[in-house]
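K.L.:
structure for this input, please:
(chains A and B)
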Amino acid sequence: MEYFLTEQQKTIKALAKRIAEERILPVRAELDEKEEFPWAIMKDLADADMFRVFIPEKYDGLDGGCLELCLVVEELSRACSGVAISYAATALGCSSLLEYGSEEQKQKYLPDIASGKRLAAFALTESTAGSDAGAIKTTANREGEGYVLNGTKQFITNGGEAEIYTIIALTNPERGTRGASAFLVEKDTPGFSFGKKEKKMGIRTSSTRELVFRNCLIPEENLIGKEGMGFIIMLKIFDRSRPGIGAQAVGLAQGALEAAVDYARQRIQFGHPIYSLQAVQHMLADMAIQVEAARALVYAVARTIDSGAKNFSEEAAMAKVFASDTAMKVTTDAVQIFGGVGYMCDYPMEKMMRDAKITQIYEGTNQVLRNAIASELRKRKGIRE
Amino acid sequence: MNVVVCLKQVPGITEVKIDPETNTLIREGIKNIVNPFDTYALEEGVRIKERYGGKVTTVTMGPPQAEEVLREAISLGADEAILFSDSAFAGADTLATAYTLATAINKIQEYDLIICGRQTVDGDTGQVGPELAEMLGIPFVAYVSKVEEIESDHMRIQRMVEDGHEAIETLLPAVITVVKEINVPRLPSLRGLAKAKSAAIPTWTAIELGVDENTVGLPGSATKVIKVFFPQRVHRGEILQGELGSQVESLLDNLREIKVI
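P.N.:
Residues are numbered from 1 along each chain as shown, chains lettered A, B, ... in the order given. Take a look at the predicted model:
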């Protein structure tokens, strides 16, 4: 498929692919088994300017947008979804800063993020607040010239490894979701520590950890936007980040598809490669159709966002839902084509299947996102202009 | 610290075929790459620049398309690049190549260190580095595996020898050839790739270098390839059969026969 990428986009994609093949592929099984954060690869990505891709030129970036980020994430995920999300989490972690931060905040943090010197993370989820994000309990009380944070964030990607965190906390609990605000908190701020490091089914190289705030005082200039804007910021940046999860899913599915085609051509049963069996051919064809459709949707939504469109909440949700369901289906079928060896840890297929599941869950479960799509659908009476 | 790194563009696969008529490599349809050993030379040059300042100039002698390796070098951290290209340079052996490089490097003037890969994967001779040092009249160290410390006019390095490493102190300027153990070459960066795309790469011909055409290319070569062939595989091994006792007997007989025992 011709996606009409610019020369710059092609360069970004090709270099990300090279990093994936030369630096990620050889170590992905070990990273998965040891649940080790991929610091060496983060360094390679930084040296290759990959963290500059999603940062404006003014802050030492390369001025790319959602599509450029998606191209990198897709290529990295083709080799290892866990590495891809460790990279993408920094983009999510600084997106509220990019969209709503003050000039001073941007000057202070973005150049370090662009150079890859410091990773970022975004923290919303709590034990009582997953899909029901309005149920968060972490508070930020105004005290003197700053805010005091108290509460515990859960399942935070890049937790413990990132140095710059965007935290959603309640500045006015009585007002509910309208009383939430977004803050920047730096690692090593007194009163900010890390709790449990989660053991996961998939994307095991990525770090998923609790953030614990106990009377953590942060200066008032760390407030992003205005008090009470926390939920709006959160909703808006998730609309922007969802195509990225879609790209992660597309890359994962692409990797599984390629491995399955390769295996089917080599595996001899009944005297012929199993590729000659129509049952296998149809499975592979269906996988290819779904992957290409998912990619086309993800790129189209990323381009919509980069064009400066105002409303893309529904489309962003569609891209994430469709691509992640595709990744789950395609990786499951890839394991099926591999048969017994696909189930064994010696082959990467079972890892891909484990890695796929989370894409249906995080950044809005596919059920919650279907609710959002259905709600938009009702508003527009199903009509597409 | 001004470093000159010599690169060579070579065919990308090791199974290249040889033209039986001319006894030279058939290069058509084969993707060219930077000689793998030269990538370590370039990386070391860039690391030295990052440690001590200065600049890295990459040079190559070859046909016009050899410019590709110089652009790649810029994407990997080289500051400048010069291509030495002229039909008069064609067919050069190591002597004529080293002479051309030496003349050009003399013209560059500003150099403290020249780094080459230990050998190329096409010619495989490993001669150009030492010949270059001889012609420039400066010290030479082969198989360098570590650059320890560089002072203003000398440096401490380690070189690989059969049973370990030698620590060597040498005066500068000098020529070194490096082994792959010296570093892990970096991948290009996006900014580097953008720089490489727009970089101006001058071409120096025989006229620019001011060389006599009889000293370069085929006329300037002291050697000529007469024949290229695969040595025949000879199976000298013998597998002894029978009972263990008789096998030991015949093994001893054989060893006595060739006077090993």
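
K.L.:
next SSE downstream of the host helix or strand of A:Leu257?
P.N.:
Taking DSSP states H and E as the definition, one finds A:Leu257 inside helix A:230-266. Beyond helix A:230-266 on the C-terminal side, the first helix or strand identified by DSSP H and E is strand A:268-269.

K.L.:
residue contacts, residue 117?
P.N.:
Looking at chain A here, since you left the chain open. Neighbouring residues of A:Lys117 by Cβ atoms under 8 Å, 6 or more residues apart in numbering or on different chains: A:Ala46. Yep, even glycine has a C-beta here, placed from its N, CA and C like the rest.

K.L.:
the intended chain is chain B.
P.N.:
Contact partners of B:Gly117, counting by Cβ under 8 Å, 6+ apart, are B:Lys8, B:Asn35, B:Pro36, B:Phe37, B:Asp38, B:Thr39, B:Tyr40, B:Ala41, B:Thr177, B:Val178.

K.L.:
what are the ranges of the helices in the stretch 1-150 of chain A?
P.N.:
In the stretch 1-150 of chain A, the segments counted as helices under DSSP state H, counting those that start in this stretch are A:7-19, A:28-34, A:39-47, A:66-79, A:81-100, A:103-114.

K.L.:
secondary structure element for B:Ser152?
P.N.:
Using DSSP H and E, no helix or strand contains B:Ser152.

K.L.:
not counting its neighbours along the chain, what's nearest it?
P.N.:
Taking Cβ to Cβ, 6 or more residues apart in numbering or on different chains, and ignoring the residues beside it in sequence, B:Ser152 has B:Leu172 as its nearest neighbour in space, at 7.9 Å.

K.L.:
what's the local residue count around that neighbour?
P.N.:
Using other Cβ atoms under 10 Å in any protein chain shown, B:Leu172 has 16 other residues around it.

K.L.:
returning to what we had before: so for A:Gly228, which of the helices of the stretch 1-150 of chain A sits nearest?
P.N.:
With respect to A:Gly228, and counting by Cβ to Cβ, the nearest of the helices of the stretch 1-150 of chain A is helix A:81-100 at 12.5 Å.

K.L.:
can you list the residues of the stretch 151-261 of chain B near chain A?
P.N.:
With Cβ under 8 Å from any Cβ of the partner chain as the criterion, the stretch 151-261 of chain B meets chain A at residues B:Arg186, B:Leu187, B:Pro188, B:Ser189, B:Leu190, B:Arg191, B:Gly192, B:Leu193, B:Ala194.

K.L.:
stretch A:99-114 and chain B, any residue contact?
P.N.:
No: Stretch A:99-114 lies out of reach of chain B by Cβ under 8 Å from any Cβ, never closer than 10.7 Å.

K.L.:
in that stretch, what's buried?
P.N.:
Of the residues in stretch A:99-114, A:Tyr100, A:Gly101, A:Gln105, A:Lys106, A:Lys108, A:Tyr109, A:Leu110, A:Pro111, A:Asp112, A:Ile113, A:Ala114 count as buried by neighbour count, 16 or more other Cβ atoms under 10 Å in any protein chain shown.

K.L.:
so the last one sits against A:Phe51, correct?
P.N.:
It refers to A:Ala114. Yes: the criterion here is Cβ atoms under 8 Å, and A:Ala114 meets it with A:Phe51 at 5.7 Å.

K.L.:
could I get the residues of the stretch 151-261 of chain B next to chain A in CSV, plus columns for neighbour count and secondary structure?
P.N.:
As requested, these are exported to CSV (neighbours: other Cβ atoms under 10 Å in any protein chain shown; DSSP: H, G, I helix; E, B strand; the rest coil):
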residue, neighbour count, secondary structure
B:Arg186, 17, coil
B:Leu187, 16, coil
B:Pro188, 23, coil
B:Ser189, 20, coil
B:Leu190, 21, helix
B:Arg191, 14, helix
B:Gly192, 22, helix
B:Leu193, 21, helix
B:Ala194, 16, helix
